[in-house]
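Novice: Sequence plus the predicted model coming up.
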Amino acid sequence: MPPLPSTSNLGAPADEKCRLCGAPVHFAAGELVTCCGYCGGEDSRVALARAARVDAQNVESSVKVSISDAMCELDTRRRAAAWAFVVSGVVVLALAFTIGGTVAFGAVAHECTIRLRRFAD
C-alpha cells in the first residue's frame with residue numbers, strides 16, 4: 001500500500017481577505033479552509049483545494065490499477081505453481097513406475113535365470 005499523502009505541502013501560510021466582509025483572514029500551512037474571526041464566514045483556497053483534489057484522484061486511480069495488476073499477477077503465479085506441482089507429480093510417478101518396472105524386470109529375469117540353470121542341471 002502506498003503511504004498516505006501529507007497535507008503539509010498543500011500550501012504556504014497566507015493572509016487573505018474574507019470573501020464576505022473583507023476582514024483579514026489567516027491560512028496556516030496546508031490549510032484549505034478557515035473561518036473569519038469577524039463575521040464567522042468560511043473562506044477557502046479554491047484553486048489550491050482543486051489542485052489537491054486532482055492530485056488525490058490521480059493517486060487513487062494509480063492505486064486501483066496497481067492493486068488490480070497485483071491481483072492478476074498473484075493469480076498467474078498461483079496457476080503456475082499449481083501446474084508446476086502437477087508436472088512434478090507426474091515426473092515422480094513416471095520415475096516410480098520406471099524404477100519399479102526395472103526392479104520387477106530384474107527380479108523376473110533373475111528368477112528365469114535360476115530356473116534355467118536348474119533345468120539345465
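Specialist: Yep, it's here.
Novice: Please, where are all the strands along the chain?
Specialist: Taking DSSP state E as the criterion, the chain carries its strands at 14-17, 24-27, 33-35, 42-44.
Novice: so can I have CSV of the ones you listed showing mean neighbour count?
Specialist: In this view, the C-beta of every residue, glycine as well, is placed from N, C-alpha and C. Supplementary listing: the strands of the chain in CSV, determined by neighbours: other C-beta atoms under 10 Å:
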stretch, mean neighbour count
strand 14-17, 12
strand 24-27, 16
strand 33-35, 13
strand 42-44, 15
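Novice: To R78, which of the ones you listed lies closest?
Specialist: Each of the strands of the chain was scored for nearness to R78 using C-beta to C-beta, and the closest is strand 33-35 (47.1 Å).
Novice: residues making contact with the closest one?
Specialist: Residues outside strand 33-35 that contact it (C-beta atoms under 8 Å, 6 or more residues apart in numbering) are V25, H26, F27, A28, G41, E42, D43, S44, R45, A49.
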